[in-house]
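Enquirer: sequence and predicted structure, then a few things I'm wondering about:
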Amino acid sequence: MISKKNWICTAVVMSAFLIALLAAAVPKQPVAIAGEENGYYGKKAKYVFYFIGDGMAMPQINSTEIFKGTLNSSDPMYKEKLNFTVFPYQGMQTTHSTSSFITDSAAAGTALATGHKTANDVVGVDPTNTIKFKTMAEMAKEKGLKVGIVSSVSIDHATPAVFYAHEPSRNNFYEIALAMGNSGFDYFAGGGLLSPTGKKKDLPNALDIAKQKGYKVVNSQEEIMRLAKNDGKVIAIQPDLAAEEAMQYEIDRTNQLSLADFTRKGIELLDNPNGFFMMVEGGKIDWACHANDAATTVRDVMAFDNAIAEALKFYAKHPTETLIVVTGDHETGGMSIGFSGTKYETFASKINKQTMSFEEFDKKIKAYRATVGETNANLQDWLPILASEFGLVDLTAYDKQRLSDALAQSMLDSKKRAKDEQTYLLYGGYEPFSMTVTHILNQKAGIGWTTYAHTGVAVPVFAQGVGGEKFQGYYDNTDVAKKIMGIMGVKFQ
């Protein structure tokens, strides 16, 4: 028989053993260290690249990989990876705003820049316009990092604006332009300004005000390429801008600077011992998707990927100090790899025969309309152009009927065109003939679209470098911002 004393000793020993087992089974929480922010306990990134493909989700990415495969291989099943799709860490983010499951760029951008949700149309503030959300770019500047904002669309557009402006409407372009000059950021580049002198064009030029605040404003290729670190704060605007003060679509670009050129120049100007933060937006991916123009879309994704290649060159020199994050703000167009008319087949090489964007083709339509008037258009006039500029030589009777109907609509003044639901479903408010040409080409390539607006699907996130492992999993778009903030060593507010 065990004595009472021995029983007590045995119980004490067993209790201690069980406690030790339980302690070993419970995962240990990291011990907070002074200065650690937002749940990140690893090494901080000194250099942070944030690439946002506006309107870019998996359909745009996969389509581009398939398209690149057709350019570089005779194997119809070859798909060529992009620079960022081979990043070691990948996740998915949800994109809804506070007002809709289908976000716009202002709300999505605010989430990606500040870690806070807001309503569609709102830039950098809460839906009631009472709380200004501090952006990671502003935090980086306060920390002593240099900051750059680059976009292929106007620099006062929603996505670039959310990193430095706080407005109840994304359409407050003049106020956003003033905020750019007040930001103190070191490098703005790409597109121009939509409303530099206000809606009535009667206010002081925002670029002149920026000059008074110490910015050097340049808008020639020679001046941009000559920029050096001793030039201080810079606003570099692409010369010969396209519509809406944006850079050219990549498919239309000739000798103008590319998004990669502006990214490379930004790295040169921002590089310093304290580090830097740079956001680069491929903004015209979104615009091409709104217009359901697949060839223009994939070319702009490729241009975006070329800009990422510039960051990777820098990363190769600073692999233990650099973070690169690539994502989109939402998907646009409901793009799909697959069309009912081609069933299980795709023919991506067909869109390589398109030589210009829908925007450039619109100019040809406008010139033709001015020549023949409303009633004298003839599809036969266009067949050689459709063959040479779009590769459309296998047109069916149904294709030609669609094209003839659309051409007739395009010959009308926009005010005279039908405004019913059927017309919108066919053309989405774009030039009817141009839209029908690209739709037919896309469909023959096996590419489909569901909308001329955004969709609510989740968007991928790709990361490489310091803290990149944090971007694995499935999370909200606000978490992308919080993760970057933590890895950059600034506190989410």
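Expert: Arrived safely, thanks for sending.
Enquirer: name the helix or strand of the chain that has the lowest mean pLDDT.
Expert: None of the helices or strands of the chain scores lower by mean pLDDT, DSSP states H and E than helix 4-25, at a mean of 45.
Enquirer: quickly run through the sheet partners of the next helix or strand after that one, with directions.
Expert: Per DSSP states H and E, helix 4-25 leads on to strand 47-53 as the next helix or strand towards the C-terminus. Here strand 47-53 has these sheet partners by DSSP bridges: strand 276-282 (parallel), strand 322-328 (parallel).
Enquirer: next, the contact list for Tyr187, please.
Expert: Neighbouring residues of Tyr187 by Cβ atoms under 8 Å, 6 or more residues apart in numbering: Lys146, Val147, Gly148, Ile149, Val150, Lys233, Val234, Ala236, Gly266, Leu269, Leu270, Met278. C-beta coordinates here come from the backbone N, C-alpha and C atoms, glycine included.
Enquirer: got phi/psi on the fifth one?
Expert: Comment: the main-chain dihedrals of Val150 come out as phi -130, psi 140, following degrees, to the nearest 10.
Enquirer: and it, how many neighbours?
Expert: Residues near Val150, counting by other Cβ atoms under 10 Å, number 25.
Enquirer: then Ala236 would be within a strand, right?
Expert: Yes: assessed by DSSP: H, G, I helix; E, B strand; the rest coil, Ala236 belongs to a strand.
Enquirer: this protein: strands as residue ranges?
Expert: 47-53, 89-94, 146-151, 187-190, 216-218, 234-237, 276-282, 322-328, 331-332, 336-337, 447-448, 454-455, 459-465, 473-476 (DSSP state E).
Enquirer: let me know the angle separating the second one from strand 322-328.
Expert: Spelled out, that is strand 89-94. Relative orientation of strand 89-94 and strand 322-328, computed by axes from the mean of the first three to the mean of the last three Cα atoms, to 10 degrees: 40 degrees.
Enquirer: can we start the residue count at 796 from this point?
Expert: Shifting the count to begin at 796 puts that one at strand 884-889.
Enquirer: what distance separates strand 884-889 from the centre of its chain?
Expert: Distance of strand 884-889 from the chain centroid (Cα atoms, centre = their mean, to the nearest Å) equals 15 Å.
Enquirer: quick one, that strand and strand 1254-1260 angle?
Expert: If you take the same axes, to 10 degrees, strand 884-889 sits at 150 degrees to strand 1254-1260.
Enquirer: if we can go back for a sec, mean neighbour count, the strands paired with strand 842-848: which tops it?
Expert: Ranked by mean neighbour count, the strands paired with strand 842-848 are led by strand 1071-1077 with a mean of 28 (mean count of other Cβ atoms under 10 Å).
Enquirer: could I get the CA-only coordinates of it as CSV?
Expert: Coordinates of each C-alpha in strand 1071-1077 appear next as CSV, following Å, rounded to 0.1, in the frame of the first residue of the first chain:
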residue,chain,number,x,y,z
PHE,A,1071,12.5,54.3,-49.9
PHE,A,1072,8.9,53.4,-50.6
MET,A,1073,7.7,53.4,-54.2
MET,A,1074,4.2,52.6,-55.5
VAL,A,1075,3.9,51.9,-59.2
GLU,A,1076,0.5,51.5,-60.9
GLY,A,1077,-0.3,49.8,-64.2
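Enquirer: check the average confidence over it, would you?
Expert: Mean pLDDT, strand 1071-1077: 98.
Enquirer: what's the answer for stretch 1001-1021, then?
Expert: Computed over stretch 1001-1021, the average pLDDT equals 98.
Enquirer: again with stretch 1131-1140
Expert: 95.
Enquirer: what's the span of it, first residue to last?
Expert: With Cα to Cα, to the nearest Å as the measure, stretch 1131-1140 spans 13 Å from end to end.
Enquirer: so how far is it from its chain's centroid?
Expert: 26 Å.
Enquirer: give me the neighbour count for the closest residue to Gly1123 other than its chain neighbours.
Expert: Excluding the flanking residues, the one nearest Gly1123 by Cβ to Cβ, 6 or more residues apart in numbering is Met851, at 3.7 Å. By other Cβ under 10 Å, 29 other residues sit near Met851.
Enquirer: ok, now Asp1176?
Expert: Asp1176: 13 surrounding residues under other Cβ under 10 Å.
Enquirer: what sits against it?
Expert: For Asp1176, the contacting residues are Tyr1163, Val1167, by Cβ under 8 Å, 6+ apart.
Enquirer: thinking again about what came up before, from memory the residue nearest to Gly1123 sits against Met1097, does it?
Expert: No: the criterion here is Cβ atoms under 8 Å, and Met851 misses it with Met1097 at 11.7 Å.
Enquirer: mind jotting down where the helices sit in the stretch 1046-1195 of the chain?
Expert: Ranges of helices in the stretch 1046-1195 of the chain, per DSSP state H, counting those that start in this stretch, are 1054-1065, 1079-1085, 1089-1112, 1153-1167, 1178-1185, 1192-1205.
Enquirer: residues touching Lys1079, list them.
Expert: With Cβ under 8 Å, 6+ apart, Lys1079 has these contacts: Asp849, Ser947, Val948, Ala1041, Met1042, Tyr1044, Glu1045, Thr1091, Asp1095.
Enquirer: tell me, how many residues neighbour the residue nearest to the fourth one when sequence neighbours are not counted?
Expert: For Ala1041, ignoring the flanking residues on the chain, the nearest one in space by Cβ to Cβ, 6+ apart is Val948 at 4.4 Å. Other residues within reach of Val948, judged by other Cβ under 10 Å, total 28.
Enquirer: I figured Val948 was touching Glu1039, is that so?
Expert: Yes: in this structure, Val948 is within contact of Glu1039 by Cβ under 8 Å, at 7.2 Å.
Enquirer: hang on, the earlier thing: quick one: which of the strands paired with strand 842-848 is nearest Glu1169?
Expert: Of all these, strand 1071-1077 sits nearest to Glu1169, with 38.3 Å by Cβ to Cβ.
Enquirer: let me know the angle separating that closest one from helix 1054-1065.
Expert: Angle between the axes of strand 1071-1077 and helix 1054-1065 is 170 degrees (criterion: the same axes, to 10 degrees).
Enquirer: give me the distance between strand 1071-1077 and the centre of its chain.
Expert: Strand 1071-1077 has its C-alpha centroid displaced from the chain centroid by 10 Å (Cα atoms, centre = their mean).
Enquirer: same question, stretch 1057-1068
Expert: Mean-position distance between stretch 1057-1068 and its chain equals 20 Å (Cα atoms, centre = their mean).
Enquirer: which ones are touching the nearest residue to Thr1122 once chain neighbours are set aside?
Expert: In space, and not counting its chain neighbours, Thr1122 is closest to Val1256: 4.4 Å by Cβ to Cβ, 6+ apart. Counting by Cβ under 8 Å, 6+ apart, Val1256 touches Gln885, Gly886, Met887, Gln888, Val1120, Val1121, Thr1122, Phe1266, Val1275.
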